[in-house]
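Student: My questions are about this predicted structure, shown below with the sequence.
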Amino acid sequence: MRYVIIGNSAAGVFAAETIRSLDKSGRIEIISDERYPAYARCLTSYYLAGQMSEEQMMIRNEEFYANNEIVLNTGQKVTGIDTAERQVRTDNGHIYGYDKLLIATGASPVMPDIPGAEMKGVFGLRTLDDAKGIAACAGQGGHAVVMGGGFVSLKAAYALLKAGLSVTCIVSSGQILSQMLDREAARILGDLLISHGLDIKFHADAAEIAGDSIDGEMTARSVKLTTGETIPADVVIIGKGVTPNTGFLSGSGIAVDRGILVNEHLETTVPDIYAAGDAAQALDILTGQRSINAIWPNAAEQGTAAGRNMAGSPVVYEGSLGMNSADFFGLSTIAAGNPKAEGDEYEVVKLFPGRHLYRRLVFKGDNLIGYILVGNTARAGILTSLIRERVPLGSAKNELKQGRIGQRLLW
Amino acid sequence: MKQILVKTERCIGCKSCELACSTVHSGSKDFLAAVLKRERPVRRVTVETNRENTVNIPVQCRQCREPKCVTACMTGAMHLDEATGLVLNREEKCVGCWMCVMVCPYGVIVPNEEDKKAVKCDQCLSGGHNPACVKACPTGAIKFIEISEFDKNRKKEFLTKFVAGEEA
């Protein structure tokens, strides 16, 4: 059996591991457009903050590929799939034949369509190379402008603050982390970040990135805002969301909506071709619709499930759940499910048990469907499992409404 | 592998297991010394009691066979150790992102905020694989019992008994 996996991050690596555990003799090849062994993308901000070396970012040890007889082909980008011939083509002319194929190509930052966005010194924060580029542009005492108020943006801003830069964050809405948090939670986190020196411009957008020619290359120097203000910038980081890497699939016959559409076995519309991770549009547990919850845990689970199906040990993927965890200056925040749901059909409970503490619980009928915990997030997983497994709460609902999170075993 | 199981009807909620766990995982290996040195030891087991005060259960990591904490871990720190069948955290790789805390259905991974490390039960593997909570339990409610590594059903049965508090 020939297995080919496009992508060498969470979904790809977990799939390869799973396949190898089930099929000791099949040939497993991973194709990556990067030049590194598998590393944790989510750790790029730790690298920026100087908290972590490149070696520490690797998610598997050096012997991983050899020990598992996985062939890693780096530095090449897949340009197309011939589903009839069962072949994958790459930009350096290689052709890989497959019996089972996994597309785990992930996503890329969406770059804004404004003048100057192509300049040197403007980065997304996705890859290790992005992080290296950012670190090379701006050191201690420098000024960074971060566009966007989402998770990636704030992690980048936090890292650069820790690295001793002055950081301005440009947020088009009136609230940070607006996808993950409600106003109350966002205010606690925002105030904390501001008290540690982060400059946040709300209701503002970048209109233009201006630069100078340095060694013949236009290099970002400042960001002009829609409000008319100009902010100096040694480096500009774009955190305006990501888009799945699916461009190479056009004409392949594999159906793509926002991401690659997959069924309950994570198989695409073409047999023997699977997709997992940030590129795949798979079942969402809460909505029952196919959507993309682009976070590491979902990618790793999808990779594992896809790997099983590819290796002939069928399993139904239970679905993904929107969730995230952030820790800024020691204040932990976890949100999961649909924590911002509002309306008559939902029951929302907000608790403020102390300074820098906040709990928001969202119920629909007898089920918990979302939560936000700010501060003291131990046991958050119990709430997550209540959402994931749609556990009927019964009398435990009142316990939860008072902020008590206990073992289900004791109900 | 061996599993820590509980006869809930024997647990009186004395929390001796919590104390023993904190102590054995402290630098000083002595509770008073650890406190005096301001070590603030972290326990990996919590005794929980129901609302009616009729059932107590010491809860620690259930060593899941398909651990959510492992797939959630973005650093490769949390892993299923093949040799022992235990879910273990390589603390040198852990960055304290609390993804594992977010997904553990038993809520038994402790976020150690001071060290920024996720802390969990390793069945006292480092101390000779002889769990301190089992040794410390004065009523014999906590047992350390061999169960077949490969027999998932048998393990499931034990876990159900753990829930129901039946004889293991």
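Tutor: Received, thanks. All values reported here derive from a predicted model rather than from experimental measurement.

Student: Show which residues not belonging to stretch B:48-61 make contact with it.
Tutor: Identification of contacts with stretch B:48-61 by CB atoms under 8 Å, 6 or more residues apart in numbering or on different chains yields A:399, A:406-407, A:409-411, B:4, B:6, B:8, B:11-13, B:17-18, B:21, B:44-47, B:87, B:106-109, B:120-122, B:133, B:137, B:141-142, B:165. Every C-beta, even on glycine, is put in place using the N, C-alpha and C of the backbone.

Student: If we go by neighbour counts, what in it is buried?
Tutor: B:48, B:55-61 (16 or more other CB atoms under 10 Å in any protein chain shown).

Student: Contacts only, for the residue nearest the centre of chain A.
Tutor: Residue closest to the average C-alpha location in chain A (CA atoms, centre = their mean): residue A:295, at 4.0 Å. The contact partners of residue A:295, taken as CB under 8 Å, 6+ apart, are A:322-324.

Student: Quick check: which ranges of chain A have low pLDDT?
Tutor: A:409-411 (pLDDT under 70).

Student: on that earlier part again, can you tell me which of the buried residues of stretch B:48-61 comes closest to residue A:52?
Tutor: residue B:61 (26.1 Å; CB to CB).

Student: three-state assignment of the closest one?
Tutor: Secondary structure of residue B:61, reduced to three states by DSSP: H, G, I helix; E, B strand; the rest coil: coil.

Student: Chain A contacts on chain B?
Tutor: Applying CB under 8 Å from any CB of the partner chain, one finds that chain B approaches chain A through B:48-51, B:55, B:57, B:59, B:68, B:71-72, B:74-76, B:93, B:95-107, B:109-111, B:113, B:116, B:162-163.

Student: 7 Å instead?
Tutor: B:48, B:50, B:55, B:57, B:59, B:71-72, B:74-76, B:93, B:95-99, B:101-105, B:107, B:110-111, B:113, B:163 (CB under 7 Å from any CB of the partner chain).

Student: Narrow the residues you listed to those in strands?
Tutor: Taking DSSP state E as the definition of strands, these contribute B:48, B:57, B:59, B:110-111.

Student: Tell me which stretches of chain B form strands.
Tutor: Using DSSP E, strands in chain B cover B:2-6, B:46-49, B:56-59, B:78-80, B:87-89, B:110-112, B:117-119, B:142-146.

Student: Would you mind getting the angle between the first one and strand B:142-146?
Tutor: Relative orientation of strand B:2-6 versus strand B:142-146 (axes from the mean of the first three to the mean of the last three CA atoms, to 10 degrees): 150 degrees.

Student: So which bits of strand B:2-6 are buried?
Tutor: B:2-6.

Student: What pLDDT is listed against the residue nearest to residue B:143 when sequence neighbours are not counted?
Tutor: Distance criterion CB to CB, 6 or more residues apart in numbering or on different chains; nearest residue to residue B:143, sequence neighbours excluded, is residue B:5 at 5.1 Å. Listed pLDDT for residue B:5 reads 87.

Student: pretty sure residue B:5 contacts residue B:141?
Tutor: No. Look at residue B:5 against residue B:141 with CB atoms under 7 Å: they stay out of range, at 9.6 Å.

Student: pull the CA atoms of the top helix by length along chain A into CSV?
Tutor: For chain A, the helix that runs over the most residues, judged by DSSP state H, is helix A:296-310. This file holds the C-alpha atoms of helix A:296-310, laid out as CSV (Å, rounded to 0.1, in the frame of the first residue of the first chain):
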residue,chain,number,x,y,z
TRP,A,296,-4.5,22.1,16.6
PRO,A,297,-6.6,19.6,18.7
ASN,A,298,-9.2,19.2,15.9
ALA,A,299,-6.5,18.8,13.3
ALA,A,300,-4.7,16.1,15.3
GLU,A,301,-8.0,14.2,15.9
GLN,A,302,-8.9,14.4,12.2
GLY,A,303,-5.5,13.3,11.2
THR,A,304,-5.8,10.3,13.6
ALA,A,305,-9.3,9.4,12.3
ALA,A,306,-8.3,9.8,8.6
GLY,A,307,-5.2,7.7,9.2
ARG,A,308,-7.4,4.9,10.6
ASN,A,309,-9.7,5.0,7.6
MET,A,310,-6.9,5.0,5.2
